[in-house]
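**Q** 3D, please:
(4 chains)
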4 protein chains.
Amino acid sequence: MIMWKVEERPLLYKPVLIEGLPGVGNVGKMTVEYLIQKLKAKKFAEIYSDHFPYHVFIDENSTVNLPRNEFYYYKGGKHDVVFLTGDFQSMTPQGHYEIIEAVLNFSKELGVKEIITVGGYGIEGIPKNPQVLGAVTHDKIIKHFKAHGVTFEDGERVGMIVGASGLLLGLGKLKGFEGICLMGETFSRPMFTDARASKAVLEVISDYFGIKIDMGDMNTKAKELDKAITKAKELEDQMVKQATKPEQDLSYIG
Amino acid sequence: MIMWKVEERPLLYKPVLIEGLPGVGNVGKMTVEYLIQKLKAKKFAEIYSDHFPYHVFIDENSTVNLPRNEFYYYKGGKHDVVFLTGDFQSMTPQGHYEIIEAVLNFSKELGVKEIITVGGYGIEGIPKNPQVLGAVTHDKIIKHFKAHGVTFEDGERVGMIVGASGLLLGLGKLKGFEGICLMGETFSRPMFTDARASKAVLEVISDYFGIKIDMGDMNTKAKELDKAITKAKELEDQMVKQATKPEQDLSYIG
Amino acid sequence: MIMWKVEERPLLYKPVLIEGLPGVGNVGKMTVEYLIQKLKAKKFAEIYSDHFPYHVFIDENSTVNLPRNEFYYYKGGKHDVVFLTGDFQSMTPQGHYEIIEAVLNFSKELGVKEIITVGGYGIEGIPKNPQVLGAVTHDKIIKHFKAHGVTFEDGERVGMIVGASGLLLGLGKLKGFEGICLMGETFSRPMFTDARASKAVLEVISDYFGIKIDMGDMNTKAKELDKAITKAKELEDQMVKQATKPEQDLSYIG
Amino acid sequence: MIMWKVEERPLLYKPVLIEGLPGVGNVGKMTVEYLIQKLKAKKFAEIYSDHFPYHVFIDENSTVNLPRNEFYYYKGGKHDVVFLTGDFQSMTPQGHYEIIEAVLNFSKELGVKEIITVGGYGIEGIPKNPQVLGAVTHDKIIKHFKAHGVTFEDGERVGMIVGASGLLLGLGKLKGFEGICLMGETFSRPMFTDARASKAVLEVISDYFGIKIDMGDMNTKAKELDKAITKAKELEDQMVKQATKPEQDLSYIG
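**A** The predicted structure follows:
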């Protein structure tokens, strides 16, 4: 079951869809929400599905809303842009396919032919200067993004892209879309929203579209993240020390 | 799969749907069943679904019935009322959406434009005088219910409403309905059906509709509940004491 | 997904559907298979579903067949009879509803108006002379079967009937069928197929339809069961003794 | 949800479908992929489903693709051949039925009337000269394959065939297809892809179709497997020895 609430049918010039939904390091959602905020993009549509959770949220003004994904548009730059973000991805495998197919059909109606999906790529250590890795629907796209600093590793490290960021490209390809997934390198800890990875992706997007984006707030977030990481690392070090204390200490117990 | 058994198509004046299905503290079901009984509301329809359990109940006269939700109507007060209650909510997430959508379509045919859903809001302690919290589809509704004693906390404590009580409002809003969820404060223990929370909600509903409801039986239930709580608390206290006795007591065992 | 393989459309006189699928004590399946064999009922249709397991069986002649349920008919007695049996019930809750609805539609086409479902009712001990309990779609049916030895307890002990035996009556009732579930008392151990419970149900059916059924083989099975139970009980007694030996025996270890 | 990408509609002479998807010992997939490679079969269609995983793979050239099953054709021999292979079977029971039904409908359009499915049959030990066991849709097929060395055991050892290899025959039979499942005896260890079992099946297929297949690479793989097995066996023997050392060795510990 898919339901749409469409408030406006914008006329868009060569629109590109940029998707950022919750996922690894929350890089996708953070990046797209930042773009929406800084570019003052306008919300114009919502998609609802029975594959989202079966509850409503109570908002600040005591009103309720179903879980949903939201569409915004921004006019300007080399292309107009349609943003897709939200609080959830599908809770079921089949739902992923159903929702993404609906999003693609809607995007086609809007004139979208190109899709950029944003995600995080979890690595072992903490990346000081996170790279942005790319994976494309068609190899002719690679050169356009290499010029803007994206790294292509031919599936060496990243082997698959799970969920909306992957399916939009995979299903999109079958339906005549072209696109790329931009993955900011991030460390694999669920409690952090990775502002540094997001910043790296934002720079690629800003460069590619020729849109100037105010990076002030993102820099602040990145610095706060640095502090949080340092703190968390100290804590971890202490815990490791505690756990690996020499055995003789234990002899006092018994 | 949805199946309907509609025994009568009542003509109703500005009908309001009041839903109370099993949930936290059983407040919803208890409240609506009490209203049905005291107002002598008339059953006129049943809804069946393959998302209810796949068994039949054997009733007192040895006859079998599928799990179902039931509709009753009551004529009188400022509005006529349609009640929705039953023994189950959907067993699956998708089923919740399917059943609630069917209920909303049916309600629209009956002329319903306003929905009141009833639930419990589980809190830590035992509320002596439980408040009734509200969450609405549209903020213009807030003032109507504030006047009848409902508290609105703007999502501070309650963050979401799960299941039928939430979806009826969330999906309903998309389909042009207005409504409110009335949540009686209750303590989070599954073995109690919370008559005090139910009583608090009943008073709001009685006041809002200008219907007089005989509270005698509910007062009795609330008193029985008080006794049961006192007993349970004593038991708990004993168990806690037992479990935290000083260790030397154990030396007598072996 | 439902698929039918119908080899013949028999003309039947006031046909009654008798269902016996795998379940508690395997009473349903055993009873109906015995009737099919003794009455030389003829197979005329098969039903397939994607809610049965996704494998094929390899039969004795090295040929493969999907899991399925099978229909047989028997002409004679006060009514013609349609039998429904098979190796599986649905593997999913939704599938139960889908398959049973298809079976009911098919039965309606055959002229069936009355349904008898057969199952086991698991009790604590081992019933020497198992009763047959009944639950009906309409209470007017009770008197017909009381006359043939069925016990009606008004939901006191048995509270629900799970799966095909329940849904055929529950959904059937909604679609205009009348019927009864005959439950042979059986002990709740999965390794036994309960011939005594089955025999008790067979006697009710034989009596109700005025059909003579050769009970020879069923009596043999019942005797074999008696021996198996005695053996199993001895084994259990030994195991219980072993497990509850006085503690001092253990003192030799340390 | 089923999606097709059909690049060519080949005209085929009495085509036979040969299926080999991931499964026990990976015998099916390995066999069919080997045939595709050695016969230079041509890819002409892909099938996609929401019952495959909800991710894309990143290929060597940094392009993404959804999980899918693929169709190849080969012209030559007594029959033209359609091959079906891929990286996945359905992730859900219902999906198995849906995908196989789509494959059968597609095969019918191509003129396919006969189906050969390839799988592994896991046995206890390590088969030096693995047999090929057969199971058929119709017993008249048995004699054709007995002549080419296939063993038929009438369901004695193998009782069921799970997944695509089974359903293609089971559902196919209902839709008018004839066919056989060829099962190479293999040992039940998940880490090995069993080249010897695959070789045994390849010889049957080569013989049946009168197609010459270069066995060089498969012989190499079989030899590598022999070495890997010998090594694994030595390792296992060591581990068993370690685990069953006489108890007195332990006396030195305490």
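
**Q** does residue A:81 really touch residue A:18, like I thought?
**A** Yes. The criterion here is Cβ atoms under 8 Å, and residue A:81 meets it with residue A:18 at 5.8 Å. The way it works is simple: take the backbone N, C-alpha and C, and place the C-beta from them, glycine included.

**Q** and for those two, which residues touch both?
**A** residue A:35 (Cβ atoms under 8 Å, 6 or more residues apart in numbering or on different chains).

**Q** Any stretches of the stretch 51-200 of chain A with poor pLDDT?
**A** Filtered on pLDDT under 70, the stretch 51-200 of chain A yields the residue ranges A:155, A:189-191.

**Q** excluding its backbone neighbours, what's nearest the residue in it positioned nearest to chain C?
**A** Shortest the stretch 51-200 of chain A-to-chain C distance, computed as Cβ to the nearest Cβ: residue-wise this is residue A:94, at 13.3 Å. Leaving aside its sequence neighbours, residue A:94 sits nearest to residue D:50 (Cβ to Cβ, 6 or more residues apart in numbering or on different chains; 4.7 Å).

**Q** returning to what we had before: would you mind measuring from the residue of the stretch 51-200 of chain A closest to chain C to residue A:162?
**A** According to Cβ to Cβ, to the nearest Å, residue A:94 stands 15 Å off from residue A:162.

**Q** neighbour count winner among the two?
**A** When residue A:94 and residue A:162 are compared for neighbours, residue A:94 comes out ahead with 19 against 16, by other Cβ atoms under 10 Å in any protein chain shown.

**Q** What ranges does the stretch 51-200 of chain A have for its helices?
**A** Assigned by DSSP state H, counting those that start in this stretch, the helices in the stretch 51-200 of chain A fall at A:93-110, A:142-146, A:164-174, A:195-209.

**Q** which of those is buried the deepest?
**A** Mean neighbour count (mean count of other Cβ atoms under 10 Å in any protein chain shown) peaks for helix A:164-174 among those, with a mean of 26.

**Q** so how far is it off the chain centroid?
**A** For helix A:164-174, the separation from the chain centroid amounts to 14 Å (computed by Cα atoms, centre = their mean, to the nearest Å).

**Q** Kindly report the same for stretch A:36-53.
**A** Worked out by Cα atoms, centre = their mean, stretch A:36-53 lies 14 Å from the chain centre.

**Q** Please report phi then psi for residue A:3.
**A** Dihedral pair for residue A:3: phi -130, psi 140, per degrees, to the nearest 10.

**Q** in what helix or strand does the residue lying closest to it once chain neighbours are set aside lie?
**A** Closest residue to residue A:3 apart from its sequence neighbours, by Cβ to Cβ, 6+ apart: residue A:48 at 4.1 Å. Element membership of residue A:48, judged by DSSP states H and E, is strand A:42-49.

**Q** In which helix or strand does the residue sitting nearest the centre point of chain A reside?
**A** The residue lying closest to the centre of chain A (Cα atoms, centre = their mean) is residue A:28, at 1.0 Å. Assigned by DSSP H and E, residue A:28 belongs to helix A:27-38.

**Q** Do a quick rundown of the strands in chain A.
**A** Along chain A, the stretches classed as strands by DSSP state E are A:2-6, A:16-19, A:42-49, A:55-58, A:64-65, A:69-74, A:81-86, A:114-123, A:132-136, A:160-162, A:178-187.

**Q** what does the second one contact?
**A** The set of residues that contact strand A:16-19 without belonging to it, under Cβ under 8 Å, 6+ apart, is A:28, A:32, A:35, A:79-85, A:107, A:112, A:114-118, A:164-165, A:168, A:179, A:205, A:209.

**Q** before we move on, what about the shortest one?
**A** With Cβ under 8 Å, 6+ apart as the contact definition, strand A:64-65 has outside contacts at A:56-59, B:135-137, B:161, B:166, B:169-170, B:173, B:181.
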